[in-house]
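Participant: What would the 3D arrangement of this be:
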Amino acid sequence: MTGIVILAAGSSSRLGQPKQNLMYEGETLLQRAVNAAMASLCDVVIVVLGANEEAITPTIENKKVTIIKNPDWQEGMASSIRAGINRLKQNEQNFDSVILMLCDQPFVDAGLLDQLIQNKQAKGIVACAYNETIGPPVLFDRKYFDEMLLLKGQEGAKKLILKYPDDVETVPFPLGAVDIDTMEDYERLE
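Facilitator: Prediction:
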């Protein structure tokens, strides 16, 4: 079983407004992420919110997802990863992997998420390849859950990708290079 954790707790400080609520093709960026996750082979969808939670929750509260509030969101991405993994571990079902996903990559779809799951054979990490790097969305085998719980501050799970390069499989995702951090990014998207 695979769970998915959508990291959406940041304050979007470079953008100046919650990026989670930016509209693209009739949906907010977070709604797009949630819909892709729900349409995938993932068994449970967890959304981690933090900053601007009151403005963001109403856009997804009618979805079949688990919404958790990260009170430590200001620490950085690591706190949201820990919150999501802890919630996944509390679930009665035994998850053998998790996909970490951001809400600001508008071209992630269910097909890509399914590819990550289907490519998890010999390797414990399946990451997306774009723009001469590898990054999210990324699938991690449960053997990495405990190390994910040790991440601190601004550290993302890329730390584990770099630590275990021999256990990484990649899936090409050229559009993964498109993410929304600034108003200029959003204007280019539109």
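
Participant: CA atoms for contacts and neighbours, from now on please.
Facilitator: Noted.

Participant: Tell me the helix or strand right after the longest helix anywhere in the chain.
Facilitator: Counting residues, the longest helix in the chain under DSSP state H turns out to be helix 77-90. Remark: after helix 77-90, the chain's next helix or strand is strand 97-102, criterion DSSP states H and E.

Participant: what's the angle between that following strand and helix 77-90?
Facilitator: For strand 97-102 against helix 77-90, the angle by axes from the mean of the first three to the mean of the last three Cα atoms, to 10 degrees is 150 degrees.

Participant: Mind listing residues that contact strand 97-102?
Facilitator: Contacts with strand 97-102, where a contact means Cα atoms under 8 Å, 6 or more residues apart in numbering, come from 1-8, 33, 81, 113, 136-142.

Participant: Show me what the longest helix of the chain is packed against.
Facilitator: strand 2-8, strand 44-49, helix 145-148 (3 or more Cα pairs under 8 Å, 6 or more residues apart in numbering; DSSP states H and E).

Participant: coming back round to it: give the buried subset of the contacts of strand 97-102 as a ChimeraX selection command.
Facilitator: Selection of the buried residues among the contacts of strand 97-102 in ChimeraX, burial being defined by 16 or more other Cα atoms under 10 Å:
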select :2,3,4,5,6,7,8,33,81,113,136,137,138,139,140,141,142
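
Participant: which residues in this protein form helices?
Facilitator: Here the chain has its helices, by DSSP H, at 29-39, 53-56, 77-90, 110-118, 145-148, 158-163, 183-189.
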